[in-house]
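>>> Below: sequence and its predicted model.
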Amino acid sequence: MKHFAVVIGMVALLSCGACQKQLDTLSLLVWEGYADPSAVKAFEQAHHCKIAASYMGSSDELVAKLRGGSAANYDVISPSSDVAASIARTGLAAPLDLAKLPSYLQLSQKLRDMPLVKFNGQIYGVPFMWGPNPLLYDTTAFTQAPASWSALWDPALKGKVSAWDDLSTVYMAAQVLGYDQPDPSQLYNLTDTQLEAVKRKLLELKPNIRKLWGTGGELTNLFQNHEIVIAMGWPLMTNDLRKLHFPIGETIPKENTTGWIDHLMITAASSHKELAQAFLEYMIEARPQKLVTDVTHYTPANPGAAQFMTDEEKRTLHLDDPDTYMKRIYFWQDVPRRAKYNEIWNEVKAAQ
């Protein structure tokens with residue numbers, strides 16, 4: 001009986017150990033909304049793993065973490081089109097095996113053809129979501145949608161404006177100065193003279209700025225608390241504020257706007273590359289793409305997501321005519337003099 005009891009005890013111990021075996025954890029550093037439980041839960045269940053997501057507030061924050069020794073902390077990242085190329089080029093991302101990504105060919109041909117994540121004959125990322133940086137405004141404070149980005153400089157809005165703590169604010173000021181004409185790519189290749197003019201323009205904006213925002217939640221709260229009435233934002237905030245029944249308006253001004261194409265990439269330092277590859281395949285499939293758009297209101301890279309949408313959803317996400325909508329968005333590009341841009345932006349923020 002004693003030996004029998006010992007055997008039973010050992011079996012119980014082994015069983016308990018098996019029950020307590022930790023699940024593999026896939027660590028993400030992505031934009032807000034990209035790892036919402038509604039979208040990733042099915043993957044966790046199918047692969048018996050856990051998704052642990054951290055969120056970034058800017059492309060520069062992502063790059064700083066990857067280059068600052070934290071790359072091994074993350075398996076999957078979602079860089080935007082302004083830094084995706086440099087991440088691939090500098091060896092911070094792992095090349096993808098397209099044979100393990102059958103849904104890749106379902107993605108928008110236009111997005112796949114862009115050379116952002118192609119380097120040395122290999123693909124380092126998959127297009128995931130895309131969209132604009134629109135002008136958001138409290139409809140109770142405006143009789144109609146502001147027609148121009150220059151509305152942010154209106155003296156009547158002193159202390160009622162928020163600006164994104166990101167280089168997109170530099171691009172926007174450059175648009176107000178007309179530097180996007182005749183070639184929008186000039187926004188990402190400004191000269192020293194142009195950057196000085198942008199700096200002066202942004203310094204003129206400072207009296208109107210109540211607070212800079214770094215995350216979508218921060219801007220949502222600024223609107224909801226009636227601290228501001230206007231800002232550059234993301235469709236995510238528009239979606240969140242509408243769910244809260246806040247009177248938010250969204251528009252693309254006459255100058256058009258900048259925007260982004262976010263990619264999913266696997267870090268070179270990831271210790272879960274096979275699981276990460278499976279996660280990328282799952283996230284670009286039509287159904288998960290629809291689930292992410294429900295949260296973010298961004299346009300999916302997989303047009304097949306439209307099969308799960310109402311006609312109204314397709315229209316508001318511009319899946320009925322994406323090419324026309326894309327013409328109003330100057331998608332972020334690699335900024336060769338990014339350090340200089342950041343220097344200008346930091347000088348604006350530090351100025352009294």
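Sure, I can see it.

>>> Which residue, other than its chain neighbours, is closest to Val348?
Leu202 (4.5 Å; Cβ to Cβ, 6 or more residues apart in numbering). Glycine gets a C-beta too; all of them are placed from N, C-alpha and C.

>>> any idea how far Asn208 is from that neighbour?
Leu202 sits 11 Å away from Asn208, going by Cβ to Cβ, to the nearest Å.

>>> Please identify which of these two sits among more neighbours.
Between Leu202 and Asn208, counted using other Cβ atoms under 10 Å, the more crowded position is Leu202 (24 against 20).

>>> In terms of helices and strands, where is Cys293?
Residue 293: Thr, not Cys. Under the criterion of DSSP states H and E, Thr293 resides in helix 286-296.

>>> Which positions within that helix qualify as buried?
Ala286, Pro288, Gln289, Lys290, Leu291, Val292, Thr293, Asp294, Val295, Thr296 (16 or more other Cβ atoms under 10 Å).

>>> right, and out of those residues, which lies closest to Gln175?
Nearest to Gln175 among these: Thr296, at 23.9 Å, using Cβ to Cβ.

>>> Need the pLDDT of the residue lying closest to that closest one once chain neighbours are set aside.
In this structure, Thr296 finds its nearest non-sequential neighbour in Gly33, 4.0 Å apart by Cβ to Cβ, 6+ apart. pLDDT recorded at Gly33 is 95.

>>> wait, doesn't Gly33 sit right on Thr293?
No: taking contacts as Cβ atoms under 8 Å, Gly33 lies outside contact range of Thr293: 9.4 Å.

>>> Thr140 is in what secondary structure piece?
Counting by DSSP H and E, Thr140 is found in no helix or strand.

>>> That should have said Lys50, apologies.
strand 49-55.

>>> Likewise for Ala46?
helix 37-47.

>>> Can you name every helix or strand that that helix contacts?
Here helix 37-47 touches strand 49-55, helix 273-283, helix 286-296, going by 3 or more Cβ pairs under 8 Å, 6 or more residues apart in numbering; DSSP states H and E.

>>> and the angle for the second one with helix 37-47?
It stands for helix 273-283. 130 degrees (axes from the mean of the first three to the mean of the last three Cα atoms, to 10 degrees).

>>> How about the first one?
Per the same axes, to 10 degrees, the angle that strand 49-55 makes with helix 37-47 is 150 degrees.

>>> Assign the residue nearest to Val348 to helix, strand or coil.
Assigned with DSSP: H, G, I helix; E, B strand; the rest coil, Leu202 falls in the helix class.

>>> That one contacts Tyr171, doesn't it?
No: the pair Leu202 / Tyr171 is not scored as a contact, 11.2 Å apart, by Cβ under 8 Å.

>>> follow-up on the earlier one: residues in contact with the helix holding Thr293: which ones?
Residues outside helix 286-296 that contact it (Cβ atoms under 8 Å, 6 or more residues apart in numbering): 32-34, 36, 38-40, 42-43, 103, 106, 129, 234-236, 239, 282-283, 298-302, 304-305, 307-309, 313, 317.
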